[in-house]
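Provided below are the primary sequence and the corresponding predicted coordinates.
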Amino acid sequence: MKYFIAFLFLCFTISTQAQIKPFRFAFISDTHIGSPNGSAEEDLRRTVADINQMTDIAFVVLTGDITELGTTEEIKKARAILDELKVPYYIIPGNHDTGWSESGGVAFAEVFGYDKFVFTYNGIRFIGCASGPYVRMSDGHIPRDAVNWLDKELSKTADDQPLIFLNHYPLDNGLDNWYEAIDRLKQKNTIAALCGHGHANRAMNFEGIPAVMGRSNLRAKAELGGYNLVDVRSDSLIFSERRPGKQTLAPWAGVKIEKHAYQKSSASLRPSYAVNDSFPQVKPKWYYSSEANVISTPATNGQLVFFGNSLGNITALDIQTGKKKWGFQTGGSVFSSPAIDKKQMVIGAGDGFVYCFETTKGKLLWKYKANAAVLGSPLIKDGIVYIGASDHCFRAIELNSGKEIWRFAELEGPVMSTPVIHGNQVLFGAWDRHLYALDIKTGKLNWKWNNGSLVRNFSPAACIPVVKDDVVYIVAPDRYLTAIDLLTGTTLWRNNEATVRESIGISEDGQWVYGKTMNDYMVAFPTSREKQAVAWKIDCGFGYEHVPSMLIEKQHTVVFGTKSGRVYAIDPIKREKKWVYKIDNSMVNTVNMLSSNRILAATMDGKLSLLEVRE
């Protein structure tokens, strides 16, 4: 019997190879148009010209990080260069195209016409999938709607169809839902996976799936950049690095084309939820799974929970049951956290509108049109909505009418966070390196501050500032905690001993500024105009951590989320961990803490939950 099975397997392999006719394609990755070194455009133009002078290239694939910051200008510039290709090209975004994107990732699909692709050439099916994170620093993530799309495309792919899967990230735990892709690909005749992200040529293996990472097109410190030529034969894929206009190096990697008897991956390679068994006092009252990513903090008026998702859907759930009560479809992704004032709810969207709804039935009361995506979150105070947008403007809008009161138009980048009001000033950061303080009545600039870095990625833009005794505290990707004079905008002190990235909080009594470090610890600094060191810290055991989820304290409990889908609760009096609950395996946004034992949490993968704690 075993010989018969082996014979069938051999016949299947021969059949697979017979489907494939030899051809060559170009494999480009990580072009980073707009990068600070200034050579990215020249490197890509040289690659395009090099491909155009060849006569045997069937098509080109590009596996993400096409731009540096995902700005519309950078994306359009990349397309203009790539449109010079004389052969078809297929392209997907990477984390640089989506993580800091001023459009919320919308511009990539608008400019290129898609953010994922599928086609068949000479017997091989190519499927390229989008990946993030979107508008946040986090692990890589295949969006929930893209996973659903992948299911549909795979269902239309015959089981014996040779398949090559392309993603920006390697299919490992740097991608928080890597296992969703692998488990699906193992059900098909996947012969290889291609990726970028690591800027190096590297042969890889993803739980049995043969894989190849391609180098960056950037020259870095070399004379020339480069890309890969892939020669497809009936029995193998051969990878050779090409130095544009100069030479093709000897083949450096090969993948045998064969039918794989993929085995189910071990449970030990999948995320564990065992931590939930250690804290039985924490239970979800309900779960709600959105059809797309949720990258904001849900709001509630006590009866309903409001949130938006990356497909542009705004949803209201019953807070007692988690059942949907009403919904509204906008024209763009929603990454804005809603704000509520009595019977009105305000939220921004990627279609460039600020929306105001009646909370009970979801009636649209008004919408205000900005000149670009509105990814920033609103703050409502005394009948006025304060909100920033990607058109480099920050506005004050009348809550009842939707009419603009004033506009500050001197920003140099998009606003993506929630403003803070203290006294007569509204404070917020932008992806232009600066923290701003404006007069709340006139919108006049009082001061702006930056950390001295010329790199926009180090902007204090994802952090929501905290204020105590006319001192503003912020953290940024430069890993410093900074204290700034509220009245003048001058730096009082800076401290980087704790490697706090973008997550900050303040105690209810204002005595402590909290930070979440990039490895395991929650730290506390005394609030003071004088330079302070870490006063105390707690080893929470969350491991490497970089997502911008703020720390919230109520009733002597501090709660925050992490990139691994866990919510942590800390007792700041006893200075110990109270409990941990894992919702899924993606980033937990800043939570909405209703009380010490009721927490609304949402994850990037679109899971919403009301966690309840029995004391």
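Yes, it's here. Residues are numbered from 1 along each chain as shown.

could you pull out the helices for this protein?
Remark: helices assigned in the chain by DSSP state H are 2-19, 40-52, 72-82, 95-98, 106-112, 144-155, 178-185.

out of these, nearest to residue 123?
Closest to residue 123 of the helices of the chain, according to CB to CB: helix 2-19, at 3.8 Å. C-beta here means a position set from N, CA and C on the backbone, and glycine is covered the same way.

related to what we said a few turns ago, for residue 221, which of the helices of the chain is the nearest?
Using CB to CB, the helices of the chain put helix 40-52 closest to residue 221, at 12.7 Å.

List the buried residues in that closest one.
40-41, 43-44, 46-48, 50-51 (16 or more other CB atoms under 10 Å).

Equivalent analysis for stretch 214-223, please.
214-219.

before we move on, back to that, between the buried residues of helix 40-52, which is closest to residue 593?
residue 40 (42.9 Å).

what's the spacing between that closest one and residue 66?
Going from residue 40 to residue 66 by CB to CB, to the nearest Å gives 10 Å.

Give the residues shared as contacts by the two.
31-33 (CB atoms under 8 Å, 6 or more residues apart in numbering).

and the closest residue to residue 354 other than its chain neighbours, how many neighbours?
Distances taken as CB to CB, 6 or more residues apart in numbering put residue 368 closest to residue 354, at 4.3 Å, once the chain neighbours are dropped. By other CB atoms under 10 Å, the residues close to residue 368 number 22.

Surely residue 368 touches residue 404?
Yes: look at residue 368 against residue 404 with CB atoms under 8 Å: they come within range, at 7.0 Å.

Pipe the helices of the chain into a markdown table and attach mean pLDDT per row.
As requested, the helices of the chain are exported to a markdown table (pLDDT from 0 to 100):
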| stretch | mean pLDDT |
| --- | --- |
| helix 2-19 | 48 |
| helix 40-52 | 98 |
| helix 72-82 | 97 |
| helix 95-98 | 94 |
| helix 106-112 | 93 |
| helix 144-155 | 96 |
| helix 178-185 | 97 |
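
Any idea which of those helices gets closest to residue 469?
That would be, of the helices of the chain and by CB to CB, helix 95-98, which comes in at 38.5 Å.

Can you give the contact residues for the closest one?
32, 64-70, 75, 105, 108, 130-135, 140, 168-169, 197.

which residues touch stretch 340-348?
Here stretch 340-348 has contacts from 299-301, 306, 308, 314, 334, 336-339, 354-360, 365, 373-378, 380, 383, 385, 387, 389, 399, using CB under 8 Å, 6+ apart.

one more time with 7 Å, if that's ok
Contacts with stretch 340-348, where a contact means CB atoms under 7 Å, 6 or more residues apart in numbering, come from 299, 301, 306, 308, 314, 334, 336, 338-339, 354-360, 365, 374-376, 378, 380, 385, 387, 389, 399.

Quick check: buried residues in that stretch?
Quick answer for stretch 340-348 (16+ other CB under 10 Å): 340-341, 344-348.

before we move on, the earlier item: give the residues shared as contacts by residue 368 and residue 404.
In contact with both residue 368 and residue 404: residue 397, using CB under 7 Å, 6+ apart.

Quick check: the residue nearest to residue 354 vs residue 401, distance?
10 Å.

Please name the nearest non-neighbouring residue to residue 203.
Residue 203's closest residue in space is residue 253 (CB to CB, 6+ apart), at 4.6 Å.

ugh, wrong one, I meant residue 142
residue 131 (5.1 Å).

unless I'm mixing things up, that neighbour is touching residue 140, no?
Yes: the criterion here is CB atoms under 7 Å, and residue 131 meets it with residue 140 at 5.4 Å.

out of the two, which sits in the busier spot?
Between residue 131 and residue 140, counted using other CB under 10 Å, the more crowded position is residue 131 (29 against 26).
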